[in-house]
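Trainee: what's the 3D shape of this:
(chains A and B)
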Amino acid sequence: MMIASMQGVVKRYGSQLVLDYIDLDIQEGEIIGLLGPNGAGKTTLIQTLTGITAFERGKVELFGQTENPFSNQNKEKIGLVTQEITVFEELTAKENLQFFAGVYGLKGEEKKKRVAEALEFVGLADKGGKMPTKFSGGMKRRLNIACALTHRPKLLIMDEPTVGIDPQSRNYILEAVKKLRDSGTTILYTTHYMEEVQSIATRVVIMDQGQIIKEGTVNELIQTVQHEEKVKMDVTDPESVPIHSLEKIAGVKKVIVSGSQITVISAVHSGNLDRIISIVKEYAGVLGIQADKPNLEDVFLTLTGKHLRDKGGE
Amino acid sequence: MTIFKFALKRSFSNTTNIIFLTLFPIACIFLPNGEEWPFLPYGYQYFGLLILFVGIRLATIILEDREKGVVKRLAVAPISHFQYLSQNLLAYSIILILQCIIVVYGGVLLGKELYQPGWLFILYGSFSFASLAIALAWISIYRNKDASFLVYMSLIFIIVVLGGLLIPIEIFPDLLKRVAVIFPTYWLAEGLKWIVFSEEILDFLLINGVLWLYTIVFVIVGSIRKIN
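Mentor: Coordinates of the predicted model:
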């Protein structure tokens, strides 16, 4: 089932084109990792999708509605975890959740229950009575997430939810995101941390200069930039290994010997790893093997380039 | 009414606000009478200044929400900007009206000579709404609450002096007397004079009418800015 869709959405700030005919479909149960360098248009995309910012051309569909996608009925099904920590520092963690639960129309016992659940979910069950001013960065981030969960949204939009926090809190948040997906929540997740997307996203969308330049699963994206396979072996006696024998193996493009390391570069999907290892083993002891595969970061840098993007915010 | 409830809670959430909202109005009741000017006890003349300070302190909560991005989050929630703003303003108005009740009727209980306490309460009420509206319009210009508050404090001082609330307007040169009418504080000072000297009721209605005009215009100006 389609949860949200953007078709040919265009948005300009003055003369600057920020969203350039964006087409994006979000299916139920997906975790979409939205990646892009600074200024790519990620935040604007989120703001357009949620109705915070108006767009000038195109169509946004939410939960099957195109006529009035930002109706209160639809808004009740959306949760937004903002990039900034948008909690009230003068209220306790519990009061913060009560506020947001109340805004979403929850009342009485139901509200109480959902607030307790949300606190439990983000690991702050025993901190409900504390002020966020006493919280660490990670705890504040988790409270920020909890504020978007009390009404159990069907679509949860998370805009860089792990910025500036410790690895434990980050891990906790990523595990929580997976749990949310397992409970049926659809998630749109933006971040600059590739490893986060690699570990949680069912689909990755890469944006640059207001356009979606690539989308697919992590493996699909990796395959688009993987043109060769590289195997590095640390061996006891590299001079005794017959390099010409390795070069003759089907698929091998190049063999490089450097110190005690032999690097064999093959065409992608050659399936020759066993053969390479057996030849090397015949003549020398193998101390270690490392297969270099491109990761999401390589894909990202290949698609968006390596030049710095210091122009400013999105 | 979640926003209303929490607006009240947040208004009393720090010591400075508690002092501004409770102790200062009570202190106003106990200030002595002037010899020739002001015609009402000092506390009742300077209460206008306090209303202006309280107005900006309360409205700053809205600016804080915008600065932090809370408004962005609320824009995604099933609640309109009008509901958000009206519930906040309702909470702040109630606080201001309660202050007016404390000051006026506290004075009556203590036997202060307030001439016409009922009309005085209405005048303070009108000025409170105008003060809140001006503060709302003021914070709509800013992104940073500290800068907004500091500049407004300086501005308050100028309009309080030029409006004739701290110094009798009669001692001003003609040009300043003419300029003074643009300040809401001038109309408050005129209203306070009316309370003592009870001239035409139409004059009092005009004074309140001008203050309400300020309220309407500035609420409209202040409501335009929504999210960023």
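Trainee: contacts for the helix or strand residue A:302 falls within, please.
Mentor: In this assignment (DSSP states H and E), residue A:302 forms part of helix A:296-304. If you take Cβ atoms under 8 Å, 6 or more residues apart in numbering or on different chains as the criterion, helix A:296-304 is touched by A:35-37, A:40, A:194-195, A:197-198, A:204, A:206, A:208, A:213-214, A:218, A:221-222, A:224-225. Placement of C-beta: from N, CA and C, glycine included.
Trainee: now do 10 Å
Mentor: With Cβ atoms under 10 Å, 6 or more residues apart in numbering or on different chains as the test, helix A:296-304 has contacts from A:33, A:35-37, A:40, A:192-199, A:201, A:204, A:206-209, A:213-214, A:216, A:218, A:220-226, A:292, A:294.
Trainee: who are the neighbours in contact with the residue in chain A positioned nearest to chain B?
Mentor: Nearest residue of chain A to chain B (Cβ to the nearest Cβ) works out as residue A:102 at 3.1 Å. For residue A:102, the contact set (Cβ under 10 Å, 6+ apart) comprises A:111, A:115, A:150, B:1-3, B:5-6, B:79.
Trainee: so what's the spatially most distant residue from the centre of chain A closest to, chain neighbours aside?
Mentor: Here chain A reaches farthest from its C-alpha mean at residue A:240, the gap being 46.1 Å by Cα atoms, centre = their mean. Nearest non-adjacent residue to residue A:240, counting by Cβ to Cβ, 6 or more residues apart in numbering or on different chains: residue A:283, 4.6 Å away.
Trainee: OK, contacts around that neighbour?
Mentor: Applying Cβ under 10 Å, 6+ apart, the residues contacting residue A:283 are A:235-242, A:245.
Trainee: the same query, at a cut-off of 7 Å, please.
Mentor: By Cβ atoms under 7 Å, 6 or more residues apart in numbering or on different chains, the contact set of residue A:283 is A:240-242.
Trainee: just the closest of these to residue A:268, please.
Mentor: In terms of Cβ to Cβ, no member of those lies closer to residue A:268 than residue A:241, at 23.7 Å.
Trainee: give me the neighbour count for residue A:123.
Mentor: Residue A:123 has 16 neighbouring residues, counting by other Cβ atoms under 10 Å in any protein chain shown.
Trainee: which is the next helix or strand following the helix or strand bottoming out on mean pLDDT in chain B?
Mentor: Using mean pLDDT, DSSP states H and E, helix B:15-18 stands out as the lowest-scoring helix or strand of chain B, at a mean of 87. Using DSSP H and E, the helix or strand that follows helix B:15-18 towards the C-terminus is helix B:24-30.
Trainee: give the other helices and strands that that next one contacts.
Mentor: helix B:42-68, helix B:81-109 (3 or more Cβ pairs under 7 Å, 6 or more residues apart in numbering or on different chains; DSSP states H and E).
Trainee: how about these in CSV, adding mean pLDDT and distance to residue B:75?
Mentor: Listed next are the helices and strands packed on helix B:24-30 as CSV, based on pLDDT from 0 to 100; distance: least, Cβ to Cβ, whole Å:
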stretch, mean pLDDT, distance to residue B:75
helix B:42-68, 93, 11
helix B:81-109, 95, 7
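Trainee: show me the shaky parts of chain B.
Mentor: B:226-228 (pLDDT under 70).
Trainee: ok, and the closest non-adjacent residue to whatever residue of it ends up closest to chain A?
Mentor: For chain B and chain A, the shortest gap (Cβ to the nearest Cβ) falls at residue B:2, measuring 3.1 Å. Using Cβ to Cβ, 6+ apart and skipping residues adjacent in sequence, the residue nearest residue B:2 is residue A:102, 3.1 Å away.
Trainee: and the host helix or strand of the one you found, C-alpha only, in CSV?
Mentor: According to DSSP H and E, residue A:102 maps onto helix A:93-103. C-alpha atoms of helix A:93-103 as CSV (Å, rounded to 0.1, in the frame of the first residue of the first chain):
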residue,chain,number,x,y,z
ALA,A,93,10.1,14.8,29.9
LYS,A,94,6.7,13.4,30.8
GLU,A,95,5.0,16.8,30.4
ASN,A,96,6.6,17.2,27.0
LEU,A,97,5.1,13.9,25.9
GLN,A,98,1.7,14.9,27.5
PHE,A,99,1.8,18.1,25.5
PHE,A,100,2.4,16.4,22.2
ALA,A,101,-0.1,13.6,23.0
GLY,A,102,-2.7,16.2,23.8
VAL,A,103,-2.0,18.1,20.6
